[in-house]
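Engineer: One predicted model, sequence on top.
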Amino acid sequence: MTGPIVPDGGQPSLGRSLQLDDGDLVFDDHTGDLAQVEQLDALSQALRLAIGTQLGTDRLNAQFGFDRLAVGAYAYGLHTRKEYVKMQLVRCVGLDLRVRDIREVFFSDDPRAFEQQPGLDAATRDRIAAAVRASREYTVFVVVETVTSQPLTVDAGGTLA
């Protein structure tokens, strides 16, 4: 599904899809049928799938996916690589017609990431940020507004920056 469904009631929907677990279909233990996800869960799953797909590998839609290979292709500094990742995420996520707006993109070592964990003291935040920077494995978060006006934060997973 690439766009919002507008049922007879006239309100857009974020749709439904088969549930995936690390790329595999999931069976519902209660019904024995394939499990499904709906609304925000369906959109979140679709966006994570797009982010996890290398740009250009879908033969039917060459614009689908995220260009992970280009992130480390050039010897630019960390700031430049982070900006490139942000631009690629905006391009990738913005292609889904269920996304009205991309509000922000932030990394796990950014102050914004620590706002999600208000119980952490400054020293702990500094240690976490230093560990992330030392490992060079950053988790990236994308905050979007959907066509149903609902906010959604997608954990885009680990991205080398």
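Structural biologist: Okay, I see it.

Engineer: Now do the helices in this protein.
Structural biologist: 39-52, 78-94, 111-114, 122-135 (DSSP state H).

Engineer: Check these for me and report the most buried one.
Structural biologist: Highest mean neighbour count among the helices of the chain (mean count of other CB atoms under 10 Å): helix 39-52, with a mean of 19. Every residue, glycine included, has its C-beta placed from N, CA and C.

Engineer: what is the mean pLDDT for that one?
Structural biologist: Mean per-residue pLDDT for helix 39-52: 93.

Engineer: Quick one: closest of the helices of the chain to Pro151.
Structural biologist: helix 39-52 (9.3 Å; CB to CB).

Engineer: The closest one packs against which elements?
Structural biologist: Secondary-structure packing of helix 39-52 (3 or more CB pairs under 8 Å, 6 or more residues apart in numbering; DSSP states H and E): strand 16-18, helix 78-94, strand 137-146, strand 151-160.

Engineer: Would you mind putting the helices of the chain into CSV with distance to Phe27 alongside?
Structural biologist: Shown next, in CSV, are the helices of the chain (distance: least, CB to CB, whole Å):
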stretch, distance to Phe27
helix 39-52, 16
helix 78-94, 29
helix 111-114, 35
helix 122-135, 35
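
Engineer: Alright, that wraps it up for me.
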